[in-house]
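Novice: predicted model follows, preceded by the sequence.
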Amino acid sequence: MRVVTDARGLGPLRGCVFVPTMGALHEGHLALIRAARAGGGGPVVVSVFVNPTQFNDPKDLERYPRTLEADVAGCERAGADAVFAPGLEVMYPPREVVAVPRLPRVATEPGLEDRLRPGHFAGVCQVVKRLFDLTRPARAYFGEKDWQQLRAISAMVEQERMGIVIVGVPTVREADGLAMSSRNVFLKGDERVRARGLSEALCRAAGLGSVGEAEAEMGRVLAERGLNVEYAVVRDAATLERYEAGRPGRALIAARVGAVRLIDNAAWAGG
């Protein structure tokens, strides 16, 4: 297992299969690495970098878990060939401007994460493009749990004509349905039980035939669980704008459980 900390060490890894992460790896991340390995191609490279430009709250950035030693061990077990763990000065050199690419519409117009976390997708697209420029991957793997992020990165790659294949990997869940997240460690006491409301709401919505019914049922379930709902909507799966009958749909939720903000989503085939 190679651990690379600067761009010079990436030369032999060009054309890699890439899995970008912010560390604090859990089974969901390891599933991405295993999928990357199973897909074949070049060496599997996993990045571990906690990107400051995508955090709205400095306290959230400060408390984000840093577990590099455990992350490297997990990457090795899952089949990665190398870990790219750059410092801040490698990603954002003091005398170099790392441009924010032009944001695609799906990162600015849906009124979901883009509305609630101003500047978030500018930071995401900035760091992902920087990582792509440094690693030059042939393919890159992202989890479907961050659905708007996945759609934004896919659209950015197409818009910038980067020639990278973006692969989405289904959300990995705990036995009770809760989507795996690095933030789950912050759930205390009954918060862990209440957090199941997100996946329960998505399951209930899946069997309903209209957007109105699905959104109302999600809201009802989340309220029963005592969650602070930021959005619970059904949207077009590709654009995340208003759902039109006959197109693939996506049900998406963001809610707070105490001080912990969680997101989840699932395919929706009503309408």
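Specialist: Thanks, I have it. Predicted model only: the values in this text are computed from it and were never measured.
Novice: contacts for the helix or strand bottoming out on mean pLDDT in the chain?
Specialist: When each helix and strand of the chain is scored by mean pLDDT, DSSP states H and E, helix 58-63 comes last, with a mean of 87. Defining contact as C-beta atoms under 8 Å, 6 or more residues apart in numbering, one finds that helix 58-63 is touched by 50, 52, 55, 186. Heads up, the C-betas are built off the backbone N, CA and C, glycines and all.
Novice: show me the strands in the stretch 1-150 of the chain, by range?
Specialist: 2-4, 17-21, 44-48, 82-84, 139-143 (DSSP state E, counting those that start in this stretch).
Novice: hmm, back to that, which among the contacts of helix 58-63 end up buried?
Specialist: 50, 55, 186 (16 or more other C-beta atoms under 10 Å).
Novice: need the contact list for the nearest residue to Arg130 once chain neighbours are set aside.
Specialist: Closest residue to Arg130 apart from its sequence neighbours, by C-beta to C-beta, 6 or more residues apart in numbering: Val98 at 5.4 Å. Counting by C-beta under 8 Å, 6+ apart, Val98 makes contact with 91-92, 126, 130.
Novice: could you dump these to a markdown table with pLDDT?
Specialist: What follows is these, written out as a markdown table (pLDDT from 0 to 100):
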| residue | pLDDT |
| --- | --- |
| Met91 | 97 |
| Tyr92 | 97 |
| Gln126 | 98 |
| Arg130 | 98 |
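Novice: show me which of those residues is closest to Arg242.
Specialist: Among those, Gln126 lies closest to Arg242 (C-beta to C-beta), at 28.2 Å.
Novice: from Tyr92, how far out is that closest one?
Specialist: Distance from Gln126 to Tyr92, counting by C-beta to C-beta, to the nearest Å: 9 Å.
Novice: same check on Arg34?
Specialist: 31 Å.
Novice: thought Leu32 was touching Gly143?
Specialist: Yes. Contact criterion C-beta atoms under 8 Å: Leu32 and Gly143 qualify, at 6.1 Å.
Novice: between those two, which contacts overlap?
Specialist: Val169.
Novice: report the outermost residue of this structure with respect to its centre.
Specialist: For the chain, the largest distance from the centre (C-alpha atoms, centre = their mean) belongs to Arg95, which lies 29.5 Å off.
Novice: over to that one: give its phi and psi.
Specialist: Geometry field for Arg95 lists phi and psi as phi -110, psi 20, criterion degrees, to the nearest 10.
Novice: residues contacting Gly219?
Specialist: 201, 229, 232.
Novice: inside strands: which ones of those?
Specialist: 229, 232 (DSSP state E).
Novice: check contacts around the residue nearest the centre of the chain.
Specialist: Of all residues in the chain, the one closest to the mean position by C-alpha atoms, centre = their mean is Asp146, 3.6 Å from it. Asp146 sits next to Ile263 when contact means C-beta under 8 Å, 6+ apart.
Novice: kindly report the same for Val172.
Specialist: Contacts of Val172 (C-beta under 8 Å, 6+ apart): 27-28, 31, 143, 179-180.
Novice: burial measure for the nearest residue in space to Gly258 that is not next to it in sequence, as a count.
Specialist: Nearest residue to Gly258, sequence neighbours excluded (C-beta to C-beta, 6+ apart): Glu191, at 4.9 Å. Residues within reach of Glu191, counting by other C-beta atoms under 10 Å, total 18.
Novice: does Glu191 touch Val260 like I think?
Specialist: Yes. Glu191 is within contact range of Val260, at 6.7 Å (criterion: C-beta under 8 Å).
Novice: follow-up on the earlier one: can you redo the contacts of Gly219 as TSV with distance to Leu13, neighbour count and pLDDT?
Specialist: Below are the contacts of Gly219 laid out as TSV (distance: C-beta to C-beta, whole Å; neighbours: other C-beta atoms under 10 Å; pLDDT from 0 to 100):
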residue	distance to Leu13	neighbour count	pLDDT
Ala201	41	29	98
Val229	43	17	98
Ala232	41	26	98
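Novice: next, format the contacts of Gly219 as JSON lines and append distance to Asp81.
Specialist: Putting those into JSON lines (distance: C-beta to C-beta, whole Å) gives the following:
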{"residue": "Ala201", "distance to Asp81": "39"}
{"residue": "Val229", "distance to Asp81": "42"}
{"residue": "Ala232", "distance to Asp81": "40"}
